[in-house]
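*Asks:* Here's a sequence, model it:
(2 chains)
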There are 2 protein chains.
Amino acid sequence: MKLLAFMMQTGGHIAGWRHPRAAERALCDIDYFRELGQTAERGLFDGVFLADYVGYHPVKSAEIFAGTESPKLDPLAVLSTIAAATDTIGLIGTASTTYSQPYDLARRFASLDHLSKGRAGWNIVTSTMENEAHNYGREAHMGHSERYARAEEFVAVARRLWDSWEEGAYLADKDSGRCTDPGRISAVNHAGEHFRVAGPLTVPRSPQGHPVLVQAGASATGQRFAAGHAEVIFTSHPTIATAKAFRSAMHAQLAEFGRSPESLKVMPAITPILGASRAEAKDLQRELDALIPTQVALSKLEALLGNIDLSGHDPDGPLPTLPEAALAGQNSTRDRVLELATRETLSLRELARRVAGGRTSHSVVGTASDIAETLIAWEREGAADGFVISPPVLPAGLSDFVDEVVPILQERGHFRQAYEGSSLRANLGLAVPENSFTHDPHSRMAPEIF
Amino acid sequence: MKLLAFMMQTGGHIAGWRHPRAAERALCDIDYFRELGQTAERGLFDGVFLADYVGYHPVKSAEIFAGTESPKLDPLAVLSTIAAATDTIGLIGTASTTYSQPYDLARRFASLDHLSKGRAGWNIVTSTMENEAHNYGREAHMGHSERYARAEEFVAVARRLWDSWEEGAYLADKDSGRCTDPGRISAVNHAGEHFRVAGPLTVPRSPQGHPVLVQAGASATGQRFAAGHAEVIFTSHPTIATAKAFRSAMHAQLAEFGRSPESLKVMPAITPILGASRAEAKDLQRELDALIPTQVALSKLEALLGNIDLSGHDPDGPLPTLPEAALAGQNSTRDRVLELATRETLSLRELARRVAGGRTSHSVVGTASDIAETLIAWEREGAADGFVISPPVLPAGLSDFVDEVVPILQERGHFRQAYEGSSLRANLGLAVPENSFTHDPHSRMAPEIF
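*Replies:* Residues are numbered from 1 along each chain as shown, chains lettered A, B, ... in the order given. Prediction:
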């Protein structure tokens, strides 16, 4: 079983940051990130994972903003500091193909891979917020298919840049005075619809060949992109059944690209709500949900039900009957919410808090043993190659998981007793990709700099 | 006296990397950079300084490339790792206004400033290489005045982004559930010729307000830009007289922007060639110069003389008489080279090696005491507020300077015995800039995200 630690704000539960055990005002603090990296490494996690947006989601009022938005440092800066404070933990950061340049991003990830001695991972996103577009000079958010077309071209260019120094190109041979072997350094000379890039990169090929490529797109286009490129998929499923179906579908799509199932790790996000007893775990869930401001929860509920307006309704009354338009079409999230409201006869406020809490991550509530058994069951059923663990409260929830759940997974023979290797690829069981120029020497191009 | 350590490849001398004491194949290695940062901190330097180019200079042959070009990791990734391994040393990195986006770069430097607890500096460059243009989708290198116009607008936007969270905006108040105070977070809504940026930044204002702004432009436009924005100038002068004239000229230009001389530190680059005796220092200089491949040295000499062609001439013969065109116009670098050739009756090869060695940095050859006295004399004469020390060989030359020159500077009362503070600004004696939104609350703008 593979495990990644999701460093979501100071907790994966939407109000986790308000919990007494959450770190205080920590989102700009190196000590907070260093501790998370070291705790994940102590627990033999494959890596830490940092989400990112280059802007903010729209929010309706000061009260809502207060509950859901927070500072976000540049992920690669954070991961570079963790690299210096750890030895083995993988370092996966999010970056956008829509608002970056391939030369810059390829260089930054190759640099992190060198500095960490082979631990970098790139979570590829295409970005969806209007505010992000407006921070980067665009009048409006780019359409879905254009974003993915750009992402395809972006990744193709980045791969060539990562290959532009072949094995043995960086000599630094003091005797001969040859710093490099120019015969092993190639231009890229890419001229496509979205990018023109000459190359070579200023960075020799990095220990992993290139960073582990991670993706989370759930749409058909997103899945196809993942089948072509991703080595890890971050996904979210409420049940074993849906996760299993998703993983099978991904394996089928991999085959179309000539890839084996082993080349892609499907990792659902799980929020473990852990207690010494099941009752204590339930209490913790209630405690966390009660910390969600009503407006934040209602706004989230409105979004999950298809952007309906609940503002005129009594929060302590029941969920009103939805307008017909909101019930049209397939929407499994909406249907799960409606089913929950009916089954537990929750008030609007209670329902809103329940669905808002876990963000998109699936919550597992119980003892360490319950949580370990759930993860083992998902893996055994073929629903997952591992999990993105998003503790509700940080850093406490991560150290609880490391101290209480990891030993059970180890004892049951489902998790490593020691790291397999020193690179993220070695621990995830992913091969170092072949260099495309070495594979096809005819594609080598003399750089314009000679 | 202020001191910065220039981390130029594995040595500031162009062939320093070939010296037996230079680090081996170290330019992708975290341990190399960590050691440099820790050594500079042990020597109470104000900061380390990392140059950068997002591409390569054109080179004429494999042999030349071998001597002058080498791997360059992303500076901010390197500085973030040093941040995690040190406590007080300042972290100055180069980044280009021509090939970056203000939102991204402002965010990255603010992140480094937070993670280092107030130690970030930005060396602002506008980039001049064709290859850089071709790596970022441009057909050709942007003209000088357009680059500086873009740089002016870039810095103006970055400053507003750095101010977009005012003091007290990041609350993370668990009791009230208020993560932020939206009344203290402002949009930027910049719409200029080169950029459109909405804001706010995703990062609260950083400990230093913004990174220390560093600049090295020598042209009239570059000097004017520096007078308007820079807090440190990295400069290069062969004599006290030219350095003093430059510093006076900068002070005069500062006045036009209503700035005091104290708000700008003029720091010439110095390469200390250090020996236990003067004879040993001279030997080291000869040893280093002899490591420069003849073609590399001749190419550098050709450039310094105004891009003339020396390829038909015997390297062991004298410098030929230059064509009239090459002697036209004012060119103080050319005249110094001609004067040196005449004075010491050097062969073409010897002359070439002598001028190529120090790159643009002024070499001081002698004992620790000689070097300390030279620095003290430059400072006393008003030629410098401090120095960018570019040791010929790294890391050895930096630790030699720290162990041998720094104690003399301290003994003579010209250098600190302990850090004045924990931020780069505190140690350089620079004030934290006022927040422009706090200064003029009428300029606050509600972000589009509400």
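*Asks:* where do the helices sit along the stretch 101-250 of chain A?
*Replies:* Using DSSP state H, counting those that start in this stretch, the helices found in the stretch 101-250 of chain A span residues A:102-115, A:130-135, A:144-163, A:220-229, A:240-256.
*Asks:* where do the strands sit along the stretch 351-450 of chain A?
*Replies:* For the stretch 351-450 of chain A, the strands defined by DSSP state E, counting those that start in this stretch occupy A:362-366, A:386-389.
*Asks:* so the residue lying closest to A:S363 once chain neighbours are set aside is in which element?
*Replies:* For A:S363, ignoring the flanking residues on the chain, the nearest one in space by C-beta to C-beta, 6 or more residues apart in numbering or on different chains is A:T271 at 4.5 Å. Yep, even glycine has a C-beta here, placed from its N, CA and C like the rest. Element membership of A:T271 [criterion: DSSP states H and E] is strand A:265-274.
*Asks:* Quick one: mean pLDDT over stretch A:338-354.
*Replies:* For stretch A:338-354, mean pLDDT rounds to 88.
*Asks:* Any part of that stretch near chain B?
*Replies:* No: applying C-beta under 8 Å from any C-beta of the partner chain, one finds stretch A:338-354 separated from chain B by no less than 12.7 Å.
*Asks:* ok, now how distant is A:A156 from chain B?
*Replies:* For A:A156, the distance to chain B (C-beta to the nearest C-beta, to the nearest Å) stands at 15 Å.
*Asks:* how about the strands in the stretch 201-350 of chain A?
*Replies:* Secondary structure of the stretch 201-350 of chain A (DSSP E, counting those that start in this stretch): strands at A:212-215, A:232-235, A:265-274.
*Asks:* thought the residue nearest to A:S363 was touching A:V393?
*Replies:* No: applying C-beta atoms under 8 Å as the test, A:T271 and A:V393 come out as separate, 10.1 Å apart.
*Asks:* gap between the two ends of stretch A:54-73?
*Replies:* Length of stretch A:54-73, first residue to last, C-alpha to C-alpha, to the nearest Å: 10 Å.
*Asks:* Check stretch A:155-173 too.
*Replies:* Its first and final residues considered, stretch A:155-173 spans 33 Å by C-alpha to C-alpha.
*Asks:* Tell me which residues touch A:I185, please.
*Replies:* Going by C-beta atoms under 8 Å, 6 or more residues apart in numbering or on different chains, A:I185 touches A:S164, A:W165, A:E166, A:A169, A:P200, A:P447.
*Asks:* Hmm, I typed the wrong one, I wanted A:L346.
*Replies:* Taking C-beta under 8 Å, 6+ apart, we find A:L346 in contact with A:L319, A:L340, A:R354.
*Asks:* with these in mind, which one is nearest to chain B?
*Replies:* Using C-beta to the nearest C-beta, A:R354 comes nearest to chain B of the contacts of A:L346, at 17.6 Å.
*Asks:* Do a quick rundown of the helices in the stretch 301-450 of chain A.
*Replies:* Under DSSP H, counting those that start in this stretch, the stretch 301-450 of chain A gives helices at A:324-327, A:332-344, A:348-357, A:368-380, A:396-400, A:406-411, A:424-428, A:436-439.
*Asks:* Dump these to a markdown table, plus mean neighbour count.
*Replies:* Below are the helices of the stretch 301-450 of chain A laid out as a markdown table (neighbours: other C-beta atoms under 10 Å in any protein chain shown):
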| stretch | mean neighbour count |
| --- | --- |
| helix A:324-327 | 11 |
| helix A:332-344 | 13 |
| helix A:348-357 | 23 |
| helix A:368-380 | 19 |
| helix A:396-400 | 22 |
| helix A:406-411 | 17 |
| helix A:424-428 | 23 |
| helix A:436-439 | 16 |
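*Asks:* can you put the ones you listed in JSON lines and add distance to A:A303?
*Replies:* Below are those laid out as JSON lines (distance: least, C-beta to C-beta, whole Å):
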{"stretch": "helix A:324-327", "distance to A:A303": "12"}
{"stretch": "helix A:332-344", "distance to A:A303": "10"}
{"stretch": "helix A:348-357", "distance to A:A303": "9"}
{"stretch": "helix A:368-380", "distance to A:A303": "27"}
{"stretch": "helix A:396-400", "distance to A:A303": "25"}
{"stretch": "helix A:406-411", "distance to A:A303": "34"}
{"stretch": "helix A:424-428", "distance to A:A303": "33"}
{"stretch": "helix A:436-439", "distance to A:A303": "42"}
